[in-house]
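K.L.:
Everything below, folded, please.
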Amino acid sequence: MLVKIFGSAVHGVEAITITIEVNVGQGTKFYIVGLPDNAVKESGYRIETVIKNAGYKMPRLRTIVNMAPADIRKAGAAYDLPIAVGILAASKQLVFSIPPEQFVIMGELSLDGTLRPIRGALPMALQAKKEGFRGMILPLQNAREAAMVEGIEVYGVEHVGEVLGFLRGEIALQKMLFEKYNERFCFDVDFADVKGQNIGKRAMEIAAAGGHNLILIGPPGAGKTMLAKRLPTILPPLSLEEALETTRVYSAAGKFNGILSGRPFRAPHHTISDIALAGGGNPPVPGELSLAHNGVLFLDELPEYKRGALEVLRQPMEDRKVTVSRARNTFDFPTSFMLVAAMNPCPCGYFNHPEKNCTCMPGMVQKYLNKISGPLLDRIDLHVEVTPVSPGTAETGERSDVIRERVIAARNKQWERNGHYNAQMNISNCMPEPAALQLLESAMKRLQLSARAYDRILKVSRTIADLAGSEHITTSHLAEAIRFRTLDRGQWGAYQC
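P.N.:
Residues are numbered from 1 along each chain as shown. Got it, this is the predicted structure:
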């Protein structure tokens with residue numbers, strides 16, 4: 001007898017419905033086909049023990065389990081439950097009153113029949129809704145995650161007996177309720193805590209308003225990390241669509257801990273590998289670039305990162321995605337993040353310090369700065385020098401919620417004008433006034449800026465104009481944007497090396 005049960009496979013951050021066909025007929029032996037990995041092949045031993053412990057018999061006839069589509073590799077032990085249900089149905093040991101083909105069924109089985117959690121329940125639920133399934137049956141630990149998708153029934157179970165009883169119509173399972181999304185505005189830090197640093201706070205506001213990348217350079221203890229950690233407090237809240245999109249990445253990476261109500265802030269250590277940063281492995285999972293999707297990626301002590309890891313950033317910053325290629329498949333992970341980097345100006349950290357002397361040898365400052373390649377610096381919109389604040393400074397700034405209101409207003413203008421943030425816009429939509437354009441052309445020649453820097457300056461000036469409530473980019477807006485390109489072509493501190 002042939003029976004079809006439906007499961008799901010995570011492919012990058014998306015899910016693909018897997019049709020599990022079980023046929024029990026004449027002959028002997030047990031086969032699993034359809035490009036399974038070792039974990040799937042070993043499921044036969046687990047399933048046989050579970051079926052016996054549940055009071056049924058493993059069929060001694062030829063049992064063939066086909067997992068379609070056959071050209072996609074099936075990995076992990078999450079197919080134990082649908083295969084077990086299919087075997088019992090195909091061997092006519094069970095007659096279901098509720099058709100199992102109405103559900104996507106997934107779960108790893110322990111030998112006593114209890115279910116263990118799986119990875120990627122959220123993208124599976126999104127795909128199940130898209131393809132018109134009635135609902136999902138999966139481990140109880142994953143039910144809250146899948147219930148983020150409105151419009152499908154989600155049943156969380158702890159034992160295989162509950163699944164079989166539900167499908168036979170003997171017991172009723174409690175549906176997991178849809179989890180309503182709530183925006184988060186509560187933070188442990190605030191920009192009001194920052195003394196002085198007006199230029200740094202201004203740069204943070206511009207970066208937040210337009211989704212621009214930013215680098216902070218200054219001596220140890222000047223406040224670079226403090227400023228960076230407060231950036232999420234002035235960013236607009238995640239919309240429901242962004243929250244689901246970002247949470248799906250965390251689900252695919254096996255890091256789900258509830259729906260994200262605040263923008264992610266990822267700060268990987270400088271010893272991170274290229275694969276951990278960009279994503280990969282077998283099977284490929286999202287890396288830190290994707291975990292920062294719709295949020296902030298903070299790289300502290302930027303020159304200490306391996307050169308290869310830094311160069312990995314370049315294409316994802318432009319394309320807003322990273323592509324991981326394998327022999328059989330290609331996986332795309334979203335990477336629409338804001339990069340915030342921080343670094344010392346030299347190896348000793350005190351170059352250009354107002355009070356302490358730099359102990360670096362001649363040429364070491366520029367050599368240290370050159371660890372950051374020109375193409376990477378070109379992709380960073382705002383270059384900010386952070387200078388130390390004297391201990392007696394009592395000046396405080398605005399609260400984060402006040403700054404956030406201006407940021408939200410500026411972003412709303414950008415969505416109405418372009419349908420996305422200024423960092424992603426086409427420069428044809430942000431041409432300045434003639435006098436401002438003449439200033440930019442003069443700066444391009446004098447500072448020897450690249451064509452990409454030209455593009456970035458225009459986008460930043462458009463954001464500055466939006467914050468000022470101006471429909472046009474004026475000379476003052478463009479001049480401020482140009483002042484934030486101090487690291488281009490060694491302009492910062494090069495003359496003092």
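
K.L.:
got a pLDDT number for the nearest residue to Gln141 once chain neighbours are set aside?
P.N.:
Of all residues beyond its chain neighbours, the one nearest Gln141 is Pro117 (3.9 Å), with distances taken as C-beta to C-beta, 6 or more residues apart in numbering. (Each C-beta comes from the backbone N, C-alpha and C, glycine too.) If you check Pro117, the pLDDT there is 92.

K.L.:
try Ala267
P.N.:
95.

K.L.:
from the middle of its chain, how far away would stretch 332-339 be?
P.N.:
Taking C-alpha atoms, centre = their mean, to the nearest Å, the mean C-alpha location of stretch 332-339 is offset from the chain mean by 6 Å.

K.L.:
who touches it?
P.N.:
Outside stretch 332-339, the residues that touch it by C-beta atoms under 8 Å, 6 or more residues apart in numbering are 12-13, 207-208, 211-214, 231, 245, 249, 266, 279, 284, 286-287, 289-290, 292-297, 299, 313, 316-317, 319-324, 379-380, 423.

K.L.:
Type out the PyMOL command that picks the buried ones from those.
P.N.:
In PyMOL, a selection of the buried entries from the contacts of stretch 332-339 looks like this (16 or more other C-beta atoms under 10 Å):
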select buried, resi 12+13+207+208+211+212+213+214+231+245+249+266+279+284+286+287+289+290+292+293+294+295+296+297+299+313+316+317+322+324+379+380+423
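
K.L.:
Arg234 and Pro36: what is the separation?
P.N.:
Not Arg; residue 234 is Ile. Ile234 sits 49 Å away from Pro36, taking C-beta to C-beta, to the nearest Å as the criterion.

K.L.:
which non-adjacent residue is nearest Thr49?
P.N.:
Closest residue to Thr49 apart from its sequence neighbours, by C-beta to C-beta, 6+ apart: Leu111 at 4.8 Å.

K.L.:
Contact partners for the one you found?
P.N.:
Taking C-beta under 8 Å, 6+ apart as the contact definition, Leu111 lies against Arg46, Thr49, Val50, Asn53.

K.L.:
where exactly do the strands run in the stretch 1-150 of the chain?
P.N.:
Using DSSP state E, counting those that start in this stretch, the strands of the stretch 1-150 of the chain run over 2-11, 14-25, 30-33, 62-68, 103-105, 108-109, 115-116, 135-139.

K.L.:
Surely Val296 touches Glu288?
P.N.:
No: here Val296 does not reach Glu288: they are 11.4 Å apart, not a contact under C-beta atoms under 8 Å.

K.L.:
which residues do those two both contact?
P.N.:
Common neighbours of Val296 and Glu288, counting by C-beta under 8 Å, 6+ apart, are Arg266.

K.L.:
Pop out the phi and psi values for the closest residue to Thr114 other than its chain neighbours.
P.N.:
Leaving out its chain neighbours, the residue that sits closest to Thr114 by C-beta to C-beta, 6+ apart is His159, at 5.5 Å. Dihedral angles phi and psi of His159 (degrees, to the nearest 10) take the values phi -140, psi 150.

K.L.:
Which residues are in contact with His159?
P.N.:
Residues touching His159, when contacts are defined by C-beta under 8 Å, 6+ apart, comprise Gly113, Thr114, Leu115.

K.L.:
so how far is the helix or strand of the chain with the lowest mean pLDDT off the chain centroid?
P.N.:
Every helix and strand in the chain was compared by mean pLDDT, DSSP states H and E; the lowest is helix 364-369, with a mean of 83. Averaged C-alpha coordinates place helix 364-369 at 33 Å from its chain's average position (C-alpha atoms, centre = their mean).

K.L.:
Listing request: residues of the stretch 251-400 of the chain with sub-threshold pLDDT.
P.N.:
392-394 (pLDDT under 70).

K.L.:
outside of stretch 143-154, which residues touch it?
P.N.:
Contacts of stretch 143-154 with the rest of the structure, by C-beta under 8 Å, 6+ apart, involve 121-122, 124-126, 128-129, 133-136, 138, 155-156, 175-179, 181, 244, 247, 251, 256, 258-259.

K.L.:
Tell me the first helix or strand C-terminal of the longest helix along the chain.
P.N.:
Among the elements of the chain assigned as helix by DSSP state H, the one spanning the most residues is helix 400-418. For helix 400-418, the succeeding helix or strand toward the C-terminus, using DSSP states H and E, is helix 434-447.

K.L.:
That next one packs against which elements?
P.N.:
Applying 3 or more C-beta pairs under 8 Å, 6 or more residues apart in numbering; DSSP states H and E, one finds that helix 434-447 makes contact with helix 451-467, helix 475-483.

K.L.:
Same list (those helices) but as TSV, adding mean neighbour count and distance to Glu441.
P.N.:
Rendered in TSV, the data for those read as follows (neighbours: other C-beta atoms under 10 Å; distance: least, C-beta to C-beta, whole Å):
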stretch	mean neighbour count	distance to Glu441
helix 451-467	23	9
helix 475-483	20	11
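
K.L.:
rewinding a little: from Pro82, how far out is the residue nearest to Thr49?
P.N.:
From Leu111 across to Pro82, the span is 18 Å (C-beta to C-beta).

K.L.:
go on, Asp455?
P.N.:
In this structure, Asp455 lies at 50 Å from Pro82, with C-beta to C-beta as the measure.

K.L.:
now Ala192
P.N.:
Summarising the geometry, the distance separating Ala192 from Pro82, computed by C-beta to C-beta, is 54 Å.

K.L.:
how close does the residue nearest to Thr114 sit to Gly86?
P.N.:
Between His159 and Gly86 the distance, using C-beta to C-beta, works out to 18 Å.

K.L.:
now swap in Arg411 and tell me
P.N.:
50 Å.

K.L.:
With neighbour numbers in mind, choose between those two.
P.N.:
More neighbours sit around Gly86 than around the other of Arg411 and Gly86, counting by other C-beta atoms under 10 Å; the figures are 27 against 21.

K.L.:
Let me know the pLDDT of that one.
P.N.:
Gly86 is assigned a predicted lDDT (pLDDT) of 93.

K.L.:
Near the residue nearest to it when sequence neighbours are not counted, how many other residues are there?
P.N.:
Across the structure, with C-beta to C-beta, 6+ apart as the measure, the residue nearest Gly86 apart from its sequence neighbours is Val22 (3.5 Å). Residues within reach of Val22, counting by other C-beta under 10 Å, total 25.
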